[in-house]
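In: got a predicted model here, sequence first, then my questions.
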Amino acid sequence: MSDHAMKRMFARSLSAETIHRALRHGKPSYGDNVRIYRVGKKQVAYLGRKLREAEGVQVTSDHGGTVVTVYRSNDF
């Protein structure tokens with residue numbers, strides 16, 4: 001995890017467990033040199049309570065797997 005991602009994780013009160021769940025269960029999309037894992041309502045409905053705290057979390061990583069930033073957005 002990059003220093004930037006760690007700062008954003010703490011600033012946005014996201015736990016390491018929440019980030020792990022987003023990476024594991026989030027729906028991936030691919031962009032130029034990045035992957036974005038998003039946890040939306042469909043993933044929460046399918047996996048239930050254990051994923052509820054990660055709803056709206058988006059984790060961006062580079063293709064090497066380093067998390068570069070994290071945030072919460074309910075726009076999807």
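Out: Structure received.

In: burial of residue 36, as a residue count?
Out: Other residues lying near residue 36 total 16 when counted by other CB atoms under 10 Å. (Each C-beta comes from the backbone N, C-alpha and C, glycine too.)

In: so for stretch 46-54, mean pLDDT?
Out: Over the span of stretch 46-54, the pLDDT mean works out to 87.

In: not counting sequence-adjacent ones, nearest residue to residue 51?
Out: Excluding its sequence neighbours, the residue lying closest to residue 51 (CB to CB, 6 or more residues apart in numbering) is residue 44, at 5.0 Å.

In: output the helix or strand of the chain with the lowest mean pLDDT as CSV - backbone C-alpha positions only.
Out: Using mean pLDDT, DSSP states H and E, helix 49-52 stands out as the lowest-scoring helix or strand of the chain, at a mean of 86. C-alpha atoms of helix 49-52 as CSV (Å, rounded to 0.1, in the frame of the first residue of the first chain):
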residue,chain,number,x,y,z
ARG,A,49,-23.6,-8.4,6.6
LYS,A,50,-19.8,-9.1,6.5
LEU,A,51,-19.5,-6.8,3.5
ARG,A,52,-21.9,-4.0,4.6
